[in-house]
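A.B. asks: Structure of the sequence below:
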Amino acid sequence: MKKFIYTTATLLLIIVTLVGYIAYSALLAPVVKDEQTVYIQVYPEDNIQKVKDLLVANAKIKEMAGFVPLMKYYKYNERVKPGNYAIRPGDSMRDICLRLLSGNQSPIRLVIPSVRTLDRLAGAVGRQLMTDSAAIASFLTNQRVIDSLGYTVETFPALFLPNTYEVYWTMSPEQLVTRMKKEHDKFWNPDRKRKAETQGLSITEVITLASIVDEETNKNDEKPIIAGLYLNRLHRGMLLQADPTVKFAHKKFELRRILLTHLTIDSPYNTYKYAGLPPGPIRIPSIAAIESVLNPTKHTYIYMCAKEDFSGYHNFATTLAQHNANARRYQQALNKRNIK
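C.D. replies: Just a heads-up that it's a prediction; the model follows:
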């Protein structure tokens, strides 16, 4: 009888060990069949079932054996680590679980676009990060934050440089601004600062002028010419008379034709009425526009008018007579197309 009990116990132990070995081996077997890495985004409020659904839907994992028991064993629902997680070709269930449990997330490529307002920036960034756009917008308009960085509400957009940055998806608004300050300071090296001084401008003034240049044209080859034109006007003490600043004053960016009634607005952004640069950037300018202000084309132009062929390029002039002739051609083209 004792021998029977001993034999039975031994057999059960062997079976349990074998089952355990098979289960563990299943955890080590590759479960990701895709040939490309895919990513899942885990939010703080997610749970085991939600993450399982994400894996099935995005990584096309059909065999999820062991996932739920293992994650329950480690009490994952109580310690979810949000993040952007890579699911790589050949990953085993053990690889995936350990990555999620340890919070070993992968960075994303955050695009800071050249946009007209901080609200639009918050919207664009919010679509790329875990934090929603409302929280980002609230932080970017926080007066304490703006003051701490030495900006005003009007000049704060000058902090941001359009580019692509490697960051974590879980980046907070505070971390975003800290990173942007670091990138801003790195960009403004001694050489760029020297070029700004050569133009008689501060860093913020360079960015403000660059924002006008960007609004005038999307042709990078023309930006240094336009930058040189506005610098000529500034150095001569002339009004900039930049149409984009009038659009900004009215907050009507869709305007295609600036009329005399638009020029009467009493705003510091109305460069037909107030001399010098406006109080701050009218958009987050492109790096190409910033470089154009720092390295402008040398010429004597002080007037510009959009070309009548609507190519996006401009006719330039050194005299008012030349400019008026260019303007008449453009006005006629607008009338012909019934553009109001």
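
A.B. asks: mind listing what the spatially closest residue to Asn218 that is not a sequence neighbour touches?
C.D. replies: Distances taken as CB to CB, 6 or more residues apart in numbering place Gly312 nearest to Asn218, at 6.4 Å, with adjacent residues excluded. For every residue, glycine as well, the C-beta is placed using N, CA and C. For Gly312, the contacting residues are 217-219, 306, by CB atoms under 8 Å, 6 or more residues apart in numbering.

A.B. asks: If we use 10 Å, what do you get?
C.D. replies: Applying CB atoms under 10 Å, 6 or more residues apart in numbering to Gly312 gives the contacts 216-219, 222, 306.

A.B. asks: do the same with Ile226
C.D. replies: Neighbouring residues of Ile226 by CB under 10 Å, 6+ apart: 209, 212-217, 219, 242, 289, 292-293, 296-297, 301, 304, 314, 316.

A.B. asks: Ramachandran coordinates for the spatially most central residue of the chain?
C.D. replies: For the chain, the residue nearest the mean C-alpha position is Ile112 (1.8 Å; CA atoms, centre = their mean). When read as degrees, to the nearest 10, the backbone of Ile112 gives phi -90, psi 110.

A.B. asks: Just to check, it is in contact with Val177?
C.D. replies: No - with contact defined as CB atoms under 10 Å, Ile112 does not reach Val177; the gap is 11.6 Å.

A.B. asks: Could you single out the nearest of the contacts of Gly312 to Asn47?
C.D. replies: Set against Asn47, the nearest of the contacts of Gly312 by CB to CB is Asn218 (46.6 Å).

A.B. asks: you'd agree the closest one is up against Arg283?
C.D. replies: No - in this structure, Asn218 is not within contact of Arg283 by CB under 10 Å, at 11.9 Å.

A.B. asks: Does Ser286 touch Lys219 like I think?
C.D. replies: No - Ser286 is not in contact with Lys219 according to CB under 10 Å; the separation is 11.7 Å.

A.B. asks: need the helices for the stretch 201-340 of the chain, in chain order.
C.D. replies: Shown for the stretch 201-340 of the chain, the helices assigned by DSSP state H, counting those that start in this stretch span residues 203-216, 223-235, 243-250, 287-294, 320-336.

A.B. asks: ugh, wrong one, I meant the stretch 1-150 of the chain
C.D. replies: Ranges of helices in the stretch 1-150 of the chain, per DSSP H, counting those that start in this stretch, are 2-28, 48-58, 67-73, 93-102, 118-126, 133-140, 143-148.

A.B. asks: Helix or strand with the lowest mean pLDDT in this protein?
C.D. replies: None of the helices or strands of the chain scores lower by mean pLDDT, DSSP states H and E than helix 2-28, at a mean of 44.

A.B. asks: In space, what's closest to Trp188 - neighbours in sequence excluded?
C.D. replies: Here the nearest residue to Trp188 in space, its sequence neighbours aside, is Ile203; by CB to CB, 6+ apart that works out to 5.7 Å.

A.B. asks: contacting residues around that neighbour?
C.D. replies: By CB under 10 Å, 6+ apart, Ile203 lies in contact with 155, 158, 184, 187-188, 192-193, 196-197, 290.

A.B. asks: Just the buried ones from those residues?
C.D. replies: Among the contacts of Ile203, those classed as buried by 16 or more other CB atoms under 10 Å are 155, 158, 184, 188, 192, 196, 290.

A.B. asks: Pretty sure the fourth one sits against Ile287.
C.D. replies: No - no contact is recorded between Trp188 and Ile287 when judged using CB under 10 Å, the distance being 11.8 Å.

A.B. asks: how long is stretch 290-305 from one end to the other?
C.D. replies: 21 Å (CA to CA, to the nearest Å).

A.B. asks: Below-threshold pLDDT in the stretch 51-200 of the chain: ranges please.
C.D. replies: Judged by pLDDT under 70, the stretch 51-200 of the chain has no weakly predicted residues.

A.B. asks: Distance-wise, check Ala137 relative to Arg109.
C.D. replies: Plainly put, Ala137 is 22 Å away from Arg109 if you go by CB to CB, to the nearest Å.

A.B. asks: Could you do Asp95 as well?
C.D. replies: Per CB to CB, Asp95 is found 23 Å from Arg109.

A.B. asks: Tell me which of Asn218 and Arg283 has more neighbours.
C.D. replies: More neighbours surround Arg283 than the other of Asn218 and Arg283, with 24 against 13 (other CB atoms under 10 Å).

A.B. asks: Pull up the overlap in contacts between Asn218 and Arg283.
C.D. replies: In terms of CB under 10 Å, 6+ apart, Asn218 and Arg283 are both contacted by the residues 114, 289.

A.B. asks: returning to what we had before: now for the helices of the stretch 201-340 of the chain, which one comes closest to Tyr85?
C.D. replies: Of all these, it is helix 287-294 that lies closest to Tyr85, at 31.8 Å by CB to CB.

A.B. asks: what's the average pLDDT for the closest one?
C.D. replies: The average of the pLDDT scores along helix 287-294 is 98.

A.B. asks: again, but for stretch 238-253
C.D. replies: 93.

A.B. asks: Can you list the buried residues in it?
C.D. replies: Within stretch 238-253, the residues that count as buried by 16+ other CB under 10 Å are 240-249.
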